[in-house]
Every structure is written in C-alpha cells, then in structure tokens.
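A.B. asks: just a sequence and a predicted model for now, questions to come.
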Amino acid sequence: MAGEGELDDVTVIVPAFNEAASIGAVVNGLRDHFAHVVVIDDASTDDTAAIADGAGATVLRHSVNLGQGGALQTGFDHVRARSGRTWVVTFDADGQHRVADALEMLRVARSEDVDVVLASRFTGAARDIPRRRAWLLRGAVLFTRWTAGLAVTDAHNGLRVINTRVLDRLRITLPGMAHASELLGLVARHRLSFREVPVTIVYSAYSRAKSQPDLNAINIVFELALARLRA
Amino acid sequence: MLIKALLIVGVGGAAFHALRTRDPGGRALRRIAAVCFAVAGTLAVLFPGAVTWLAERVGVGRGTDLVLYALVIAFLFTAIGLYQRVQLLEERIAQLTRALALHNADRHRDDVD
C-alpha cells in the first residue's frame, strides 16, 4: 500500500480529461507506490473525477477546460503550496506510461541530484508506435533541439520527474499541447540540469485513440512561434 | 508612389503593435485613431470629391480604392487588438479556474493532499 516512507516526498500529478476508461487503473498502479497522487480533472464530462477519487487520488477539478498545460500548472501550484515535497512526477492518464519507469527516473533523479529527469521513448522502447507518429515525433525532437537548444531525444513525453526547487521557474502559459516544448524551453533558458532515461511507451488502441491528432503539430509550432515573438 | 509607403507603414505599424504587449499608451493611441477616423469619415461624406482628390495625391486611381486600403489597415489593427484582448482574458480565466480548483480541494480534504 501507499506511504512507503521513501516516496513520501513525491507527488505524482496526473492531468486528465475524459479518461474514465483508464484513470482507475492508472491511479491504482500509482497508489501502490506513491502516497500522494493528484489527478487534475480538466473539466471532464464523464466520471473521471469520481473514479480517480474512488481509487484514492486527490482530485483537483477545473471548472472550465484549460488544456493539459493548464492542468499541469495547477498541479505544480498545488505542490508548491505543500512543504516536504522534493519531487514532482508528471504522468499521463491514458495508461501509456509504466510506473516502473517513473520509479527508475526517481532513482536517477535522487542519485544524480538533477533538476529534471525526462523520459525518452527513442532511447528506450516504444511498443507498437505507428510509423507516421514516429516520424512526426522525430520532427518534434529536431524542432525542439533547434528552438530550445536542448539536446533531448524525445520532446513530447508526458512522463517527467521535476525537483520542486525549480518549480518556480517552470511556469507553463501555453495552451493545448505546446506546453511540452515550452517546458523544455524553460529548462534550457534557466540552464537546469537534466538527464534522460529510456522508457517504454505502451501504444494501446486506447492511448492511440486518445492522443492528439498528428495535425496538431501545426498548432504547436504556431503557438511556440507567437510566444517567442511576444517574449 | 506615396500609397505604397503609407500601406507599408500601416502594415509595419500593425506588426509592431502586435509584438508590443499591454502598453499603457496603446489605449490613448487607439482613441486618437478613432477620433481621426470619425473626422475623416465625416469629411469624406460631406465632400466626396475630397477622397478622390486625396487618392490622386497619394498615387491611387480612385477614392474608393483609398477607402478600401484604409479599411484593410484598420481591420488589421482591430483584429490584432481583439486577439491580444482574448489572450489576456484566457490567462485570467486560467488563473481563476486554478485558484478555484486549489481552494475547493483544500476545503474538502485538508487531511491528506
């Protein structure tokens, strides 16, 4: 059960929007190891909040949909208001991440005392990744390396471990899915120390159906470009 | 031709306006522009020939073309202004939603987290 001393300084935040089909299993899997699991329900219209609550997560409910970036920022604010938490783990609600990978990333984070640990599916294994998706994600990696100047091998992985000492510097403002690149841009700008850890992404039929359409890449590029112009 | 310079200045001004965020002088400038627009509009209605005269001075064939160009520039500024306003509102809604979510969670269960 949860609360194994060692992981008491970790908060797992799970942004969720209409994930009733998967959120229960995800929260249960996390609760086996982590005492503090926070689901940010981004104004779901299904039973996501009730199921997450029943599975033992703390549920923060958005009254209106703010997108995944907005949900992550709510989770960050929640953690910042609590003392005694050293690490934040961000974890997707659709079941594409493995808890074992999160634990391994935490182990690396602790032993090397870095600010951020990022998950990479390209140094690890991506199970049944659709080919077009693979090319698109590689494009996103090149784009991120070029714009953020960060030598990463995966740009849009929802699994991360972040040291709470740097949360003040990671303020997510971009809507939708552009926040993943925005976050990496902030890591580069503030010269935060980071490691990449190979992980396995499970591309189930469900997570494929739930993930963002490929065409959304265009929106992400535009939002990042506009944000850069305004800065 | 003078009109080309004027149009480029207009487009450039709109782009500059888009990149500057929330400057306090912005509203004053918009008000001045609105007054100028009203005065020019009134004059154009009272003296239709004046528009054609002005159009020829700046290098446009017809008065209607000049009015069209002015409209395009005015629309550009309006669209950018509204876009910035919507962005600001979205930011505020996000802050409000976030504060509400955190507040409600704290109220319901301050035992755990």
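C.D. replies: In hand now; what should we look at?
A.B. asks: the helix or strand bottoming out on mean pLDDT in chain B packs against which elements?
C.D. replies: When the helices and strands of chain B are scored by mean pLDDT, DSSP states H and E, helix B:2-19 comes last with a mean of 78. If you count contacts as 3 or more Cβ pairs under 8 Å, 6 or more residues apart in numbering or on different chains; DSSP states H and E, helix B:2-19 packs onto helix A:216-230, helix B:48-58, helix B:63-108. Where C-beta positions appear, they are placed from N, C-alpha and C, glycine not excepted.
A.B. asks: give me the distance from that helix to the chain's centre.
C.D. replies: Distance of helix B:2-19 from the chain centroid (Cα atoms, centre = their mean, to the nearest Å) equals 12 Å.
A.B. asks: in it, what counts as buried?
C.D. replies: Neighbour counts over helix B:2-19 (16 or more other Cβ atoms under 10 Å in any protein chain shown) mark B:3, B:6, B:7, B:10, B:14, B:17, B:18 as buried.
A.B. asks: could you list the low-pLDDT ranges of chain A?
C.D. replies: A:1-6, A:123-128, A:147-149, A:175-177, A:207-208, A:210-211, A:228-231 (pLDDT under 70).
A.B. asks: hang on, residue A:59 in a strand?
C.D. replies: Yes: if the criterion is DSSP: H, G, I helix; E, B strand; the rest coil, then residue A:59 is within a strand.
A.B. asks: measure it to residue A:66 for me?
C.D. replies: To residue A:66, residue A:59 is 15 Å away according to Cβ to Cβ, to the nearest Å.
A.B. asks: following the chain past the least confident helix or strand of chain B, name the next helix or strand.
C.D. replies: helix B:25-46 (DSSP states H and E).
A.B. asks: quick one: average pLDDT of that next one?
C.D. replies: For helix B:25-46, mean pLDDT is 81.
A.B. asks: can you list contacts of it?
C.D. replies: With contact meaning Cβ atoms under 8 Å, 6 or more residues apart in numbering or on different chains, helix B:25-46 is reached by B:17, B:20, B:50, B:51, B:67, B:74, B:77, B:81.
A.B. asks: among the helices and strands packed on helix B:2-19, which is nearest residue A:108?
C.D. replies: Each of these has some distance to residue A:108 by Cβ to Cβ; the shortest is helix A:216-230, at 27.7 Å.
A.B. asks: mind listing what's buried along the closest one?
C.D. replies: For helix A:216-230, burial by neighbour count (16+ other Cβ under 10 Å) applies to A:217, A:220, A:221, A:223, A:224, A:226.
A.B. asks: ok, stretch B:95-104 next?
C.D. replies: Of the residues in stretch B:95-104, those with enough neighbours to count as buried (16+ other Cβ under 10 Å) are B:97, B:98, B:100, B:101, B:102.
A.B. asks: ditto for stretch A:179-199
C.D. replies: For stretch A:179-199, the neighbour count (16+ other Cβ under 10 Å) marks A:179-188, A:192, A:194-199 as buried.
A.B. asks: the nearest residue to residue A:61 once chain neighbours are set aside pairs with what?
C.D. replies: Leaving aside its sequence neighbours, residue A:61 sits nearest to residue A:41 (Cβ to Cβ, 6 or more residues apart in numbering or on different chains; 4.8 Å). Counting by DSSP bridges, residue A:41 is bridged to residue A:16, residue A:61.
A.B. asks: does residue A:214 touch residue A:130 like I think?
C.D. replies: No: Residue A:214 lies out of contact with residue A:130 (Cβ atoms under 8 Å); the separation is 9.2 Å.
A.B. asks: what does chain A put close to chain B?
C.D. replies: A:11, A:36, A:38, A:40, A:58-64, A:66, A:70, A:73-74, A:77-78, A:81-82, A:173, A:175, A:229-230 (Cβ under 8 Å from any Cβ of the partner chain).
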